[in-house]
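Participant: Got a sequence here, can you build the structure:
(chains A, B, C and D)
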Amino acid sequence: MYLSLQKKLQSGENMAAHNDGVTASIGACKETDKKIPSKSKGDNEKIQAVKESGGKHTQKQKKGDSKTDKMEKQSSDSSQQKSKSELRRERREKQEEQRAIKANKKAESEKTTKKEPVRVPPTMKADDAEMQKRVAKKLEKQQIPQRTVVQRKVRLFNHLHQYERELSLTQSVPFSCGGIHPAIIKLGVQYADRIITGSNARCIALMLALKKIIEDYTTPPQKELSRDLEAKIKPHISFLSQCRPMSVSMGNAIKYLKWHISHIPREMSDSEAKQQLYDCIENFFNEKIMLAAKAISLLACEKIADGDVIVVYSCSSLIRKVLSDALAQGKSFRVIVVDGRPRLEAKEFLRRLVKDGIKCSYVLINAASYVMQEATKVLFGAHALLANGYVLSRVGSSLIALIAKSYNVPVLVCCETYKFCERVQTDSFVFNELDDPDYLVDIGSKPAYLCDWRDYSSLTLLNLIFDVTPPELISVVITELGLVPCTSVPVVLRMQQSIISEGQS
Amino acid sequence: MMPTGEIERKEDLDERIESFIAELKQGTVQGTYNVAYRTVSLLVRVISQTKWNTAKELIEIVRREGLKMMRAQPSETSVGNMVRRVLKIIREEYASALKGNSEEGDPQESLHKMLLSEGQIDDYSQPVANLKAAVIEAIGEFNRELETSGDNIAAQALEHIHSNEVIMTAGKSRTVESFLKNAARKRKFQVIVVESAPFYQGQELAVSLAKAGIETTVINDAAVFAIMSRVNKVIIGTHTVMANGGLKAINGSHAIALAAKHHSVPLIVCTAMFKLSPQNMCSYDADAFNKFVSPNDVLKFSEGEILSKVQVFNPVFDFVPAELVTLYVSNIGGNAPSYVYRLLSELYHPDDHELS
Amino acid sequence: MAPKGKGNRVDLKQEDVLQAVVIADSFNHRFSPITERKPRTLLPVANVPILEYTLEFLCAAGVQEIFIFCCHLGDQVRTYIQNSKWCNSTSPCSVSVVLLMEAISMGDVLREIDGRSLVKSDFILVSGDVIANIKLDQILQEHKRRKEKDKSFIMTMIMKEAPPGHRSRCKEEDITVAVEKETNRVLHYQKVGHERKLDFPKDVFTDHKAVMIRYDLLDCQVSICSPIVPQMFKDNFDYLTRDDFVRGILINDKEVMVNTIHVSVIDDEYAARVSNLNMYDAVSRDVICRWTYPFVPENCTDYDCISYGRHNVYLSKDVTLARGCIVEENVVIGSRTCLGSNTFISQSVIGKGCKIGENVKITGAYIWDNVTIEDNCEVEMSVLCNNVTVYANVNIQPGCVLSWDVSVGPDVKLPQRTFLISHPLEDEGDFRDSFSEEEEPKVSKPTAEYGAKSKAFPYQGGANSDDEEDLVQDMWSLAIQSDEDDDDISSIASDVSADISPSGSPPPDDVKLFYSEMMATMTRAMEENHSADNLILEINSLKLAYDIGFRELNMLLIKALLDLPFRNEAAEEHTKIMSVLQPVSLQMSSSYQIILLGMYEKWHFV
Amino acid sequence: MKNVEDIMNYFTKLSTTSPEISVAVAAIKTLLHFLEVNKFETLSEMRACLKETISVLTKTDNSVTSISSGCELFLRFITLTSLDHPNFEECQKILVERGNLFLRKVSMSRQKIARSAHQFIRDGATILTHSRSRVVLEVLKEAAKAKKRFNVYITESLPDKSGHQACEEMEQLGIPTTLVLDASVGYVMEKVDIVLVGAEGVVESGGIVNKIGTYTMAISAKAMNKPFYVVAESFKFVRLYPLNQQDLPNQFKYQASVLKNSSDLSKEHPLVDYTPPSYITLLFTDLGVLTPSAVSDELIKLYC
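Facilitator: Down below sits the predicted model:
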């Protein structure tokens, strides 16, 4: 990453962009008043990523671009040949932040400034009023309802969105044909109500929904599918991220799809194009998720020995596959399912494991250190692997890893490579997602102590969703590419990207 | 043949003890303080209501009754502590009555003594005038110490909490509660309370702190590690302090202590002296270390089939090794865990460490 | 004897002494041949007599005076109580045993109670084989409150929530109850048994609003009765069991004296009845897994202290485990028991003073006191009563019961569900055959077949039992297959791919046409504000034109209604749509209308 | 018997006839004997004689650590009990009998330790121990008597291979024991539940001086969060505060003979190493179960 940065610094015309990047990132650092150097690094990586994704869909005939820096430059100046619609939209957004832009800027610099809000994703700048206004405007324009922000925020997480629970998101969805596709609406609701959870499931659901959109899409006259379709998809995505912030897996999936859309040749007919897109969705689904899962479970099973006592935390479809495969291979082992309040996903997980005929014990996370001393391995899935080797996963995973470490029990993380991402993060504050605090209130049959917590002005409830586990607590990451230490995530990323670019050229 | 009055009193006493035992078994006695307090008051009754002539007999009686109570719920160590403490008081009073001088001298074994081969008194058989009165009086003093211990600890709050700190605590310990509230009267700070499922005392504490106007945030147990990086101090209560400086504290404390260590956040334990136990329980699997209650809180009984296939555990306590503890704040001041052994030697007589 | 335990439990003291009646006899022979030697209430669960649990439970619930009624082998119960802690001066509540040799049903007992007028106020009626840790006090208060409200209220039944397929649900105790939602009043009570069909009197639904029919309840034979209950038993002699009584009350409901019974459903606490062997198994497991806390082995038995270890292993202090013997999980081992090396034990209870040899494999077995098992035996899911001897190389298959003093082996294999007794069966099969657990061919086998040194005779119960198979099946809880739908990725995917529109498959062409037409008409109707009946006419004509069946019409109408708002802009239009379309829907069959409105509402609040 | 031979003979006789008593005790016995048989006029004279006797004893090829600790203690004992009695005869007599009393106490100490220590051994535990220590054996014996089923890894502990002997002794006690290489400590550590070692001397810091290899074991135990327990009688407390290995006096590290006739010590193998207190979880002594810091406390009480 550093290397690429250096290159960028040399590459003249990107200078401006880069500087903006730094300033922005520092701006972002203000709210989490720490680790400016590391963060800014992270942000730059983000810039790079974003520019690429931007670059990708703006250029057409330049095959095999992606992250190689040479391509970078070409991508940036490739914004001349842009469809009118594209330009118009840009200009509108440009006006919104007029003061931010010097009067005489070249197209690419405009482009970069246009990307400015995205550098530090707005989801992480909830405390920046101006930014929020911008986002709001954008949403309005796309006719996307906005969620009401909780009136009492958790101080530590002011920079993140904290929403009220709403009985219906879609209430305010306008019923115009131009609006959101019903499939997406449904999906959005399912996300918001946590009917669909788990990054795999969410990603798959998203792909299917997008497929539906593509099905129902017809290119308007004198427009190009490659441009217009993408424009069509944009509001849907932002709607979904309104319902629930996007998971890394979804982000990657969308990136992937967009890339393919933007690479559909002009002359290709709709039906062909659609078919092609279906295929690539299929591929993504099969290769990145299904096959990957197979490969991972193969690798993981080798690591499961007879007589093992395996501690698993929370709920992961991947881990389930691994365990049931191991059982199918005739391995004899025992599983201790550790669960965390308030959602108790692992209860469902437990049911499935029992159904698969695996011998299980079940405890809450408080008792983890009691059961850990009989454990021989810890196994959990990840929400994402960050470029600095930290593992973003369900909140509590880090605690389990820590306890495991203290009893020197090896910790194995299973994660498909499509969940790797360039973001870096060293604590659970910078980026995270806040769940509805009211879930903490319900404590089963007991009289709820917190039922009227809103009456006490000095009382706040915090219901985190993710946390990051530092690499030193994790023995190995099992990916479809093999067993890797989590410090070598960037390597994998780089490799993947090169593969992609080969694949597409 | 005892006079009927004797019998009456005896029965009444036995009844009280029995019912206390029953309550211990059903775990209806809330909080270690109450357990300790009731034990002491029962022992006072034992001393006053039973018939004995010499200190030796008395010690025997107290030990016997004490054992009964201790057996009822071995995990309630404070019962045992109190019994030992009372025994110690008896010995002291006896010694002072005998020697005339108040202090019996350090009863602990020591090389020094071995060399000088001067044994401390070990026959308690001589009859001593008005020993009963003396003992009861001494115990009364001790009782006062018990009652005030909480406040004494709270009084030290300001030495440990400074303004704008972020403090994490777990469970609901009366000591910690008053400690924090006391500090809040002078200083402004933020408290993060771990709810500590499945008993949720944490939530209870949070509400009471919020009522006291302390800025409180409730987190679930899983989020401990995530939040720890922003915490300046972890202040927890405990159930027992082991002889080796280890802790027996509410379920989940070990994880918290580890997280604190990992982020090198100091871990301060508020404990009254009566929680010090001469026992050396150094693992979860030691008998009578932990208490396991009905798994119903973890997994509802109505969950159905899976129950028959799944083992569910619901331990109440957690063991925190001494090396994770930074400081003990007791009613006689702050101590490092490595110093616990000394405190013990002051509290209990070595012969009483093993009562059975 | 005056009730003890003044001073200490003032808190629990009501205006008068709280009494409980324990029926220490089940009046059936579920447990024979075992119960021929010892009454059921004294059979050990996790090495503690069942009665002990019952008493502990009552005493913990603040009961101060307990009457134990027993007939079959009642003297044993009496002697047991006399030598137990319940009779020494320190016992917190007074326990008195009443022998009723002639009683043949619970009804008799209650009549007796009435005769002696033992109960003064509300009392707790418990059967002697209940194991529970219910906190009765708030239920009692509720009971009292209710009583103040209506005088006719006479009884609270306590039931436990346990969904079908739950381990501790036993077949013949299966019940359905109909309760009034807010008052929890019982309207109908019926044993399901094995008939597939249940019928409820109509008035259950007509007379009361909001009735719940619950099949997820476990009647744990604990009930709080007002003093009139015994009298009522006296009044009508046909009441044999409590169920008769309940049914009687419910039937009498419509007559002059209206008595009401309420149910209070417990969720947190545990309660179950050892009503037969499979319940015995289930309850034992629950006790070992600590569901009955605080009444768990190391708490119940005083003075021989038990240590609780990982995986629910309870070892008495003076147990001898040879090296290399594995005690896996959910095991209770009584004092003075010795286990040989390489012996494997799991899911079992082993009594006091047993001798287990080497290389023995014991799973899911209940082995009582002073049992000897020699080397290389295998015992699976069986009950071995006191003083049983199993010589070397015996394999005991699931479901066997070896009654008192039986000895088998060496070198034999007992087939599944063999029931053995130590003495040839003398004929006093009075009413055993009508109840007893097992069906064996009535041919008496030569004792030699149980091994050279054996002292065992087959026990022949009458062949009645309705569906023995699954009884024995879950008697030893073999292979319970959990069948709940789980939605893993694939299913999610599928349900995502399902469209939001109600019709899954694309309808045939003319239907499509019709639909678009209808859509057009409706939109037009709305824009130009046609009156509803015009619209109806138009739609009807369309219907005829395309000859659309009524069902499709309704379906399409609904679809249209749902789609309509998409097609026009402002949100406040639905009300209008509704207003216009209400009549339309009226014109449909009521059921469809309901669906339509329902869906409309639902969709509105998605 | 002023002369050196007699002393040596008596000492060697002791350690040969009754191998179960530890060297320190033997030393003390010798000194006491020495007191009994000899006549002194003044205290100072007696001291002087004792001093030289001690120096003689330390010349023997036994572990100097324990000998010196024992003697140290004895001297202290004399100073403490040196009562200004008119005629010195009396005084000496008293000394002797007090001394015997002390010895009696000492002889009981091992059982005492065993009783307090075996509660730390759980049923089914795996124990790693180092070299051969009589006290450790005692503890294990006690545990085995309490029907605890545990198994032991023991290092052969070069150079004198004392591990082999210990291994046999334990096998005789019916404790399943595995002999492992000194170098394989790290390897077995993950299988081990607790580490249990004896000590030749317990120093003022609360650390211990013990057979070479103990330090390694302590470090790897620390690395894997395994409890590291030390078993030592209180007469092994030495008045010494080593900072590190190098700071440990040479006569502790090398046998007297070696010291005498080796030219370059750096070529020689040291026999003991010093384990700092930070690696020690607890010490089981006849004064009770102590934390390292409690040890220094004891010594302070004794010598200051």
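Participant: So A:S226 versus chain C, what's the distance?
Facilitator: Look at A:S226 and chain C: by Cβ to the nearest Cβ, to the nearest Å, they are 25 Å apart. Placement of C-beta: from N, CA and C, glycine included.
Participant: Skipping adjacent residues, who's closest to that residue in space?
Facilitator: What sits nearest to A:S226 in space, not counting adjacent residues and going by Cβ to Cβ, 6 or more residues apart in numbering or on different chains, is A:I264, at 4.6 Å.
Participant: sec struct for that neighbour, please.
Facilitator: Counting by DSSP: H, G, I helix; E, B strand; the rest coil, the backbone at A:I264 sits in coil.
Participant: That one: neighbouring residues, count only.
Facilitator: Look at A:I264: counted by other Cβ atoms under 10 Å in any protein chain shown, it has 22 neighbours.
Participant: starting at the chain centroid, how far to stretch D:97-106?
Facilitator: Relative to its parent chain, stretch D:97-106 has a centroid offset of 18 Å by Cα atoms, centre = their mean, to the nearest Å.
Participant: nope, stretch B:178-198 is what I was after
Facilitator: The answer for stretch B:178-198 is 21 Å, by Cα atoms, centre = their mean.
Participant: Just the C-alphas of it, formatted as CSV.
Facilitator: Output of stretch B:178-198 as CSV, limited to C-alpha atoms (Å, rounded to 0.1, in the frame of the first residue of the first chain):
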residue,chain,number,x,y,z
SER,B,178,-21.4,3.6,46.9
PHE,B,179,-17.7,4.0,45.8
LEU,B,180,-18.7,5.5,42.5
LYS,B,181,-21.5,7.6,44.0
ASN,B,182,-19.2,9.0,46.6
ALA,B,183,-16.8,10.0,43.9
ALA,B,184,-19.5,11.5,41.8
ARG,B,185,-20.3,14.0,44.6
LYS,B,186,-17.0,15.7,44.0
ARG,B,187,-16.0,14.8,40.5
LYS,B,188,-17.5,14.4,37.0
PHE,B,189,-16.7,11.1,35.3
GLN,B,190,-18.3,8.6,32.9
VAL,B,191,-19.2,5.1,33.9
ILE,B,192,-19.5,2.2,31.5
VAL,B,193,-21.5,-0.7,33.0
VAL,B,194,-21.3,-4.2,31.7
GLU,B,195,-24.8,-5.6,32.0
SER,B,196,-23.4,-9.1,33.0
ALA,B,197,-26.1,-11.5,31.7
PRO,B,198,-27.8,-13.7,32.6
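Participant: That one near chain A anywhere?
Facilitator: Yes. Residues of stretch B:178-198 are located near chain A by Cβ under 8 Å from any Cβ of the partner chain, namely B:Q190, B:E195, B:S196, B:A197, B:P198.
Participant: before we move on, back to that, from chain D, how far out is the residue nearest to A:S226?
Facilitator: A:I264 sits 57 Å away from chain D when distances are taken as Cβ to the nearest Cβ.
Participant: you'd agree that residue is up against A:A273?
Facilitator: Yes. The criterion here is Cβ atoms under 8 Å, and A:I264 meets it with A:A273 at 4.8 Å.
Participant: where in chain A is pLDDT low?
Facilitator: Along chain A, the parts satisfying pLDDT under 70 run over A:1-127, A:141-151, A:163-179, A:499-505.
Participant: what ranges do the strands span in it?
Facilitator: All strands of chain A, identified by DSSP state E, fall at A:308-313, A:333-339, A:359-364, A:377-381, A:384-385, A:391-394, A:411-414, A:459-462, A:466-469, A:476-479, A:482-484.
Participant: can you tell which of these is closest to D:P19?
Facilitator: The stretch from the strands of chain A with the least distance to D:P19 (Cβ to Cβ) is strand A:308-313; that distance is 44.8 Å.
Participant: And the closest one, what does it pack against?
Facilitator: The contact analysis (3 or more Cβ pairs under 8 Å, 6 or more residues apart in numbering or on different chains; DSSP states H and E) places strand A:308-313 against helix A:317-328, strand A:333-339, helix A:345-355, helix A:368-372, strand A:377-381, helix A:397-406.
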